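J.: model this:
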Amino acid sequence: MKNVFWEKVQFGGGLGLAVGNGFTNVSISPTGYYNFDKTFTVGVGVTGSYVAQEQNPSNFNSIGYKSTIFGGSLIGLVHPIEEIQLSAELEQLKVTRNFDDDFLIDDTFWNTALFLGAGYRAQNVTFGVKFNVLHKPNNHVYSQSWVPFVRIMF
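T.: Numbers count the residues shown, from 1 in each chain. Model (predicted):
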């Protein structure tokens, strides 16, 4: 007999890779979800990323740096109707930045985000936008408070 718990579990997440002209960005963010019923879902995720930008000697404004980000999130999903997905996500990230410049200070800090989102859902894929209600103008992780997303669950 199958375990009922695992019948209600889904997985998703994201993978990212961007490279070019002295720039590298690699990220991974798996997420696990538990569906209480067709309306309510909770999930937990982990995030890791590495970003590096080489200093460009021909551009005086170019600064080389490396950044690592590790953290996790708790997410709640509500489906008032099958096609609509509302979400709330609390994310905590530890950010470490190292600069190739004597005037900039290397630093490590924690970044907390609380996203409220809405999206259109078609089967296992949701397209939407989320808003970080804790966003500040000098945020060093997210440059804007609005973040588009694509969520895929298997």
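
J.: residue ranges with poor pLDDT in the protein?
T.: 1-2, 56-62 (pLDDT under 70).

J.: let's see it at 80
T.: Applying pLDDT under 80 to the chain flags the ranges 1-2, 55-63, 101-105, 139-140.

J.: can you pull out the strands in the chain?
T.: Counting by DSSP state E, the chain has these strands, from start to end: 9-20, 23-35, 40-53, 65-78, 84-99, 107-122, 125-132, 146-152.

J.: a markdown table for these, including mean neighbour count?
T.: Backbone N, C-alpha and C define where each C-beta goes, glycine included. Output for the strands of the chain, formatted as a markdown table (neighbours: other C-beta atoms under 10 Å):
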| stretch | mean neighbour count |
| --- | --- |
| strand 9-20 | 12 |
| strand 23-35 | 16 |
| strand 40-53 | 16 |
| strand 65-78 | 16 |
| strand 84-99 | 16 |
| strand 107-122 | 15 |
| strand 125-132 | 17 |
| strand 146-152 | 14 |
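
J.: Out of those, flag the one nearest residue 139.
T.: Taking C-beta to C-beta, strand 107-122 is the member of the strands of the chain nearest to residue 139, at 7.1 Å.

J.: so what secondary structure elements neighbour that closest one?
T.: Packing partners of strand 107-122 (3 or more C-beta pairs under 8 Å, 6 or more residues apart in numbering; DSSP states H and E): strand 84-99, strand 125-132, strand 146-152.

J.: Kindly reformat those as JSON lines containing distance to residue 32.
T.: Formatted as JSON lines, the helices and strands packed on strand 107-122 follow (distance: least, C-beta to C-beta, whole Å):
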{"stretch": "strand 84-99", "distance to residue 32": "14"}
{"stretch": "strand 125-132", "distance to residue 32": "16"}
{"stretch": "strand 146-152", "distance to residue 32": "13"}
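
J.: Surely residue 74 touches residue 34?
T.: No: when contacts are counted by C-beta atoms under 8 Å, residue 74 is not listed as touching residue 34 (11.7 Å).

J.: Please identify every residue contacting each of the two.
T.: Taking C-beta atoms under 8 Å, 6 or more residues apart in numbering as the contact rule, residue 74 and residue 34 both touch 42-43.

J.: about what we covered before: mind checking which of the strands of the chain is nearest residue 138?
T.: Here strand 107-122 is closest among these (C-beta to C-beta), at 11.1 Å.

J.: Check what contacts that closest one and list those residues.
T.: 71, 79, 82-97, 126-135, 139-142, 147, 149, 151.
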